[in-house]
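Asker: Following is a predicted model, sequence given first.
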Amino acid sequence: MAKEKYCLITNDVETTSILNHKLRDKTGEYVLKQGMPRLLDLYERYDVKATFFFTGYIARLYPQVVQMAYDKGHEVGSHGLTHKVSQAIDVLPRSTQLEHLIESKKILEDIIGDEVVSFRAPAARVDKKFCEVLHEAGYKIDSSVSSQRLDMFFSFGSLNKLNWITAPRKAYFSAEDNIFRRGSSPIFEIPISALGFPYIGTFMRISPWLNRMTRRFLYLETLANGRQFNFLTHPNEFIDEERETDQIERRGSNYLAYLMGDVLRHKLKVKNLGIKAIPILERELQFFDKKGFKFISCKDLYEKSLQQKHFTKSI
């Protein structure tokens, strides 16, 4: 009997304007009125059960954006309290990390009336001991690690992201003192798919051809060892908004960080934005649909892994 193949479509929902390279409330409105409806319609056509990670900020600003995903049967997860670079998880003290995780969880749970157990850090920025805070805040699942992804120097938090190079490729229960290692902690890590290049919406838009090649190699790996796919995208990639200015806001603390993380990254990320990104994403979904993958949420995979863990212990 053929082993089931799983694909997770995970979505980070925030107020980041890719076109204007900054956080802005108006982008949240575009996400509510364009980005989310476009994705939800597409996912419904392919029977995709996805996970949406919301920042507490956009959830407070537009609670409807959370409710619409939940009402369609998708999992609601936390994307932290804010997407401000200055308040990234890996630069906050432990006490503030915990406050952010608890508060963002409560905001989302108050909206949907259901438990939130999955987390993804803004910009996927975490430190080694982060699983301790996750557990204390009441989460069970994390999806902030991107095993063997090598473009970390184009983003912020690159020193911690060097740990991605040696992280396990298949989903795993992390070590108590190191979220980048397999171990016996209760936190279940679901790595974002990568093989040198990341398998994410941004890269899909920048270079659809290279993205397809990455996906093909990842597919061969899945056939060999059953590794799940975890494709990351954002509703703000599928909105058509206006450009306010040609000036690129400086967020990096030094000139090299500004050049790599702001200027060069921005120039790449604006390609194929808006409605024209939908057919590119649809081709990815068609691939998984034709290959017999089952689209599941992070929570679904976690529960399946728990069942397998208990079965293995009982024999």
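Answerer: Right, received. Where do you want to start? Residues are numbered from 1 along each chain as shown.

Asker: So what's the residue count around K309?
Answerer: As a burial measure, K309 scores 12 neighbours (other CB atoms under 10 Å). The C-beta positions use only the backbone N, C-alpha and C, and glycine is treated the same way.

Asker: Repeat that for F217.
Answerer: Under the neighbour criterion other CB under 10 Å, F217 is assigned a count of 13.

Asker: and if you look at L223?
Answerer: For L223, the tally of surrounding residues (other CB under 10 Å) stands at 12.

Asker: residues contacting it?
Answerer: L223 is in contact with no residue at all, counting by CB atoms under 8 Å, 6 or more residues apart in numbering.

Asker: could you dump the host helix or strand of it to PDB, C-alpha only?
Answerer: With elements delineated by DSSP states H and E, L223 resides in helix 208-225, which encompasses its position. Once non-C-alpha atoms are left out, helix 208-225 reads as follows in PDB (Å, rounded to 0.1, in the frame of the first residue of the first chain):
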ATOM      1  CA  PRO A 208       8.900  30.300 -11.300                       C
ATOM      2  CA  TRP A 209      11.200  28.100 -13.300                       C
ATOM      3  CA  LEU A 210      13.800  27.700 -10.500                       C
ATOM      4  CA  ASN A 211      11.000  27.200  -8.000                       C
ATOM      5  CA  ARG A 212       9.600  24.300 -10.100                       C
ATOM      6  CA  MET A 213      13.100  22.800 -10.200                       C
ATOM      7  CA  THR A 214      13.400  23.100  -6.400                       C
ATOM      8  CA  ARG A 215      10.000  21.500  -6.000                       C
ATOM      9  CA  ARG A 216      11.000  18.500  -8.300                       C
ATOM     10  CA  PHE A 217      14.000  17.700  -6.200                       C
ATOM     11  CA  LEU A 218      12.000  18.000  -3.000                       C
ATOM     12  CA  TYR A 219       9.400  15.700  -4.500                       C
ATOM     13  CA  LEU A 220      12.100  13.000  -5.200                       C
ATOM     14  CA  GLU A 221      13.100  13.400  -1.600                       C
ATOM     15  CA  THR A 222       9.500  12.900  -0.400                       C
ATOM     16  CA  LEU A 223       9.300   9.700  -2.500                       C
ATOM     17  CA  ALA A 224      12.500   8.500  -0.900                       C
ATOM     18  CA  ASN A 225      11.800   9.300   2.800                       C
END
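
Asker: residues in contact with T233?
Answerer: Shown here is T233, whose contacts under the criterion CB under 8 Å, 6+ apart are 9-12, 39, 200-201, 204, 281.

Asker: Buried subset of the residues you listed, written for PyMOL?
Answerer: This is the PyMOL syntax for the buried subset of the contacts of T233, where burial follows 16 or more other CB atoms under 10 Å:
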select buried, resi 9+10+11+12+39+200+201+204+281
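
Asker: for the contacts of T233, which one is nearest I190?
Answerer: Distances from I190 to the contacts of T233, taken as CB to CB, are shortest for T10 (8.1 Å).

Asker: and that closest one, helix, strand or coil?
Answerer: Under the three-state scheme (DSSP: H, G, I helix; E, B strand; the rest coil), T10 adopts strand.

Asker: State the number of residues packed around T82.
Answerer: Considering only other CB under 10 Å, T82 is surrounded by 19 other residues.

Asker: Touching, it and I107? I think so.
Answerer: No: counting by CB atoms under 8 Å, T82 does not reach I107; the two are 11.5 Å apart.

Asker: Spell out which residues are contacts of both of the two.
Answerer: Both T82 and I107 are contacted by G56, under the criterion CB under 8 Å, 6+ apart.

Asker: Correct me if wrong: L19 contacts R243.
Answerer: Yes: with the criterion set as CB under 8 Å, L19 and R243 qualify as a contacting pair; they are 5.4 Å apart.

Asker: From the neighbour counts alone, determine which of these two ranks first.
Answerer: Between L19 and R243, L19 has the larger neighbour count (other CB under 10 Å), namely 20 against 10.

Asker: Same question for that one, what's its three-state structure.
Answerer: Using three-state DSSP as the criterion, the local structure at L19 reads coil.

Asker: phi, psi of it?
Answerer: Taking degrees, to the nearest 10, you get phi -60, psi -40 for the backbone angles of L19.

Asker: distance of it from A277?
Answerer: Between L19 and A277 the computed distance is 12 Å (CB to CB, to the nearest Å).
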